[in-house]
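Chemist: Here you go, sequence then predicted model.
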Amino acid sequence: MHMRRALALIVLGVALGGCSTGIPQLNARPNKYYEQSVSFRARVSRIQALPGETLLELADAQEHRIFARVEGSVDVQPDDWVKVSGILVPETRIGGKIVYDVVRVDSITTTYAPWLRQLF
């Protein structure tokens, strides 16, 4: 009986996790999410500190990537897992250059890596 409940909880967790907006959905149809609040969990793959702002390249467990812009500096390192909340914008100026399909970060916090990273 306990095994059945554990399996049901795992299936429920995977189903609910699969319904949230993630980097693949943002990359596939960015215009659907422009100027909307988005949140997702990702790994910091690269950081570029610029005067007054920070550019992050974020990757999910399957290495789908997206750029995120943070005003000021941020206390994260490459390979940290973070939860990001912000607004997806069609374009923004970062370090004097135009960058397309960027998450303008409202909040970023460190978190844990997904349990079943390689499942999907």
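Modeler: Everything's here; your move.
Chemist: Just the pLDDT at residue 114, thanks.
Modeler: Predicted confidence (pLDDT) for residue 114: 81.
Chemist: Next, the nearest residue to it once chain neighbours are set aside: secondary structure please.
Modeler: Nearest residue to residue 114, sequence neighbours excluded (Cβ to Cβ, 6 or more residues apart in numbering): residue 61, at 5.3 Å. For every residue, glycine as well, the C-beta is placed using N, CA and C. Classification of residue 61 by DSSP: H, G, I helix; E, B strand; the rest coil places it in coil.
Chemist: Number of residues surrounding residue 61?
Modeler: By other Cβ atoms under 10 Å, the residues close to residue 61 number 19.
Chemist: Quick check: it touching residue 115?
Modeler: No. Using Cβ atoms under 8 Å, residue 61 makes no contact with residue 115, being 10.0 Å away.
Chemist: ok, residues contacting stretch 72-80?
Modeler: Identification of contacts with stretch 72-80 by Cβ atoms under 8 Å, 6 or more residues apart in numbering yields 43-47, 49, 52-54, 56, 82, 108, 110.
Chemist: ok, which pair from those is furthest apart?
Modeler: Greatest spatial distance in the contacts of stretch 72-80: 43 and 52, 24.7 Å, computed using Cβ to Cβ.
Chemist: What does the pLDDT read for the residue nearest to residue 114?
Modeler: The confidence metric pLDDT takes the value 91 at residue 61.
Chemist: now do the one 4 residues further on
Modeler: The confidence metric pLDDT takes the value 97 at residue 65.
Chemist: Please apply the same query to the one 4 residues further on.
Modeler: In the prediction, the pLDDT value recorded for residue 69 is 98.
Chemist: how many other residues sit next to it?
Modeler: Using other Cβ under 10 Å: residue 69 sits among 20 other residues.
Chemist: swap in residue 90?
Modeler: Using other Cβ under 10 Å, residue 90 has 12 neighbouring residues.
Chemist: Leaving out the residues flanking it, which one is nearest to it?
Modeler: Excluding the flanking residues, the one nearest residue 90 by Cβ to Cβ, 6+ apart is residue 34, at 5.2 Å.
Chemist: Phi and psi next, for that neighbour.
Modeler: Torsion angles at residue 34 (phi, psi; degrees, to the nearest 10) stand at phi -60, psi 140.
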